[in-house]
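Undergrad: task: produce atomic coordinates for the following.
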Amino acid sequence: MPAKAVAWLGSMTEHLGAMSSFYRNLFGVEPTVDTDDFVVFHLPSGDTVELFSPAEPDHRHFTTGPVAGFLVDELAAATESLRAAGIELLGTPCLNEASGVGWAHFRAPDGNVYELTQNSWHPAHQVASSRPELPPLAGEDHVCTSCGIAYASISPADAAGSIGGQPDDVRQMASAVAEPLLRRRPDPETWSVLEYVCHLRDVYATSTIRLYRTRTEDHPAVEPMLNDLRAARFGYNRRYLASVLDELADVVEGLGQEIARVRADDWDRRCTRLPGEYRTARWLVRQAMHEGIHHLRDIEEVARRAATPPAS
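TA: You can find the predicted model right below:
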């Protein structure tokens with residue numbers, strides 16, 4: 001279990017604001033996440049520093065002082081080595097296979113808490129060159145320059161109401177498209193109407209699973225959607241529109257049921273996808289609503305372009 005670097009540092013502190021200012025003003029780094037109980041800094045070396053207030057629910061076992069994270073190639077193998085050596089593991093190891101990011105906390109013989117860190121994005125990792133290239137997620141307080149939606153102004157209830165009405169809107173819009181045009185891509189890089197409807201169904205299915213895991217697990221690492229891979233591997237353009245529309249309605253109903261199960265004090269629970277991408281349960285619902293609104297526009301635009309004869 002060779003350790004490659006001390007790639008991560010986490011600290012529970014009652015002086016979160018003062019420590020955040022300390023890193024900004026003395027070390028010259030700006031946070032990539034900055035909330036009332038959680039602040040994240042990424043250093044130019046690729047290392048990460050995370051600060052937690054005592055109110056942060058997922059790291060209350062950080063009671064022995066700052067926690068150092070040792071970078072390893074394979075989290076599962078390294079964790080098993082600790083277990084075999086009789087080292088106490090704290091909590092459940094978390095690993096996102098798609099991004100290669102994970103962690104496991106343990107108590108060393110000195111009584112202090114430490115972390116094993118797997119991070120394929122860290123320069124010291126042997127497989128850094130093979131990391132997936134994924135677009136970044138919108139921020140917690142994202143303001144869309146295209147549609148004007150401001151996440152901070154949208155309550156989960158408002159987002160749920162918008163999502164609930166989208167299957168009918170999609171059905172009306174897509175059903176008006178002639179069958180030969182449903183599967184036509186206006187250009188090789190742009191999905192067809194049918195592919196967009198399939199994608200929107202999968203957005204809401206994925207959002208339901210992510211929200212459930214964020215509600216029921218401590219700081220889960222969620223899988224990326226890999227949109228183009230889904231479209232190709234799952235044959236989006238070979239599906240039947242009527243069936244996909246029914247599936248979309250069922251999935252949205254399921255997402256609504258999951259939203260209704262989130263308690264008021266659970267909306268600040270977080271998940272992560274890639275390093276620095278910490279998002280709340282509240283963000284997951286806002287993001288799902290926003291994607292639905294934009295994909296309705298995509299469906300309308302693609303239908304228009306597919307029906308337009310190519311220029312001679």
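
Undergrad: would you map the strands across the stretch 201-312 of the chain?
TA: Using DSSP state E, counting those that start in this stretch, the strands found in the stretch 201-312 of the chain span residues 270-272, 278-280.

Undergrad: of all those, which one is nearest Thr145?
TA: Of all the strands of the stretch 201-312 of the chain, strand 278-280 sits nearest to Thr145, with 19.9 Å by Cβ to Cβ. Heads up, the C-betas are built off the backbone N, CA and C, glycines and all.

Undergrad: other SSEs contacting the closest one?
TA: If you count contacts as 3 or more Cβ pairs under 8 Å, 6 or more residues apart in numbering; DSSP states H and E, strand 278-280 packs onto strand 270-272.

Undergrad: hey, which helix is longest across this structure?
TA: Determined from DSSP state H, the single longest helix within the chain is helix 281-307.

Undergrad: what about the helices in the stretch 1-150 of the chain?
TA: 16-27, 75-84 (DSSP state H, counting those that start in this stretch).

Undergrad: out of the ones you listed, deepest packed?
TA: Across these, averaging neighbours per residue (mean count of other Cβ atoms under 10 Å) puts helix 75-84 on top, at a mean of 16.

Undergrad: ok, back up a step: mind putting the helices of the stretch 1-150 of the chain into JSON lines with distance to Tyr114 and mean pLDDT?
TA: Shown next, in JSON lines, are the helices of the stretch 1-150 of the chain (distance: least, Cβ to Cβ, whole Å; pLDDT from 0 to 100):
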{"stretch": "helix 16-27", "distance to Tyr114": "20", "mean pLDDT": "90"}
{"stretch": "helix 75-84", "distance to Tyr114": "10", "mean pLDDT": "92"}
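
Undergrad: shaky segments in the stretch 101-250 of the chain?
TA: The stretch 101-250 of the chain contains residues with pLDDT under 70 at 125-133.

Undergrad: returning to what we had before: now the helices of the stretch 1-150 of the chain as CSV including distance to Arg263?
TA: What follows is the helices of the stretch 1-150 of the chain, written out as CSV (distance: least, Cβ to Cβ, whole Å):
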stretch, distance to Arg263
helix 16-27, 24
helix 75-84, 31
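
Undergrad: and those helices: which comes nearest Pro186?
TA: Pro186 lies closest, by Cβ to Cβ, to one member of the helices of the stretch 1-150 of the chain: helix 75-84, at 43.6 Å.

Undergrad: which residues are contacting that closest one?
TA: Met1, Val72, Leu89, Pro93, Leu95, Gly102, Trp103, Ala104, Phe106, Leu116, Thr117, Gln118 (Cβ atoms under 8 Å, 6 or more residues apart in numbering).

Undergrad: what of stretch 17-35?
TA: Under the contact criterion Cβ under 8 Å, 6+ apart, stretch 17-35 has outside partners 11, 13, 39-43, 49, 51, 140, 268, 276, 278.

Undergrad: 10 Å - rerun?
TA: If you take Cβ atoms under 10 Å, 6 or more residues apart in numbering as the criterion, stretch 17-35 is touched by 11, 13, 15-16, 36, 38-44, 48-51, 53, 56, 136, 139-140, 268, 270, 272, 275-280.

Undergrad: now list the buried members of those residues.
TA: Buried members of the contacts of stretch 17-35, scored by 16 or more other Cβ atoms under 10 Å, are 11, 13, 16, 38-42, 48-51, 53, 56, 140, 268, 270, 272, 275-280.
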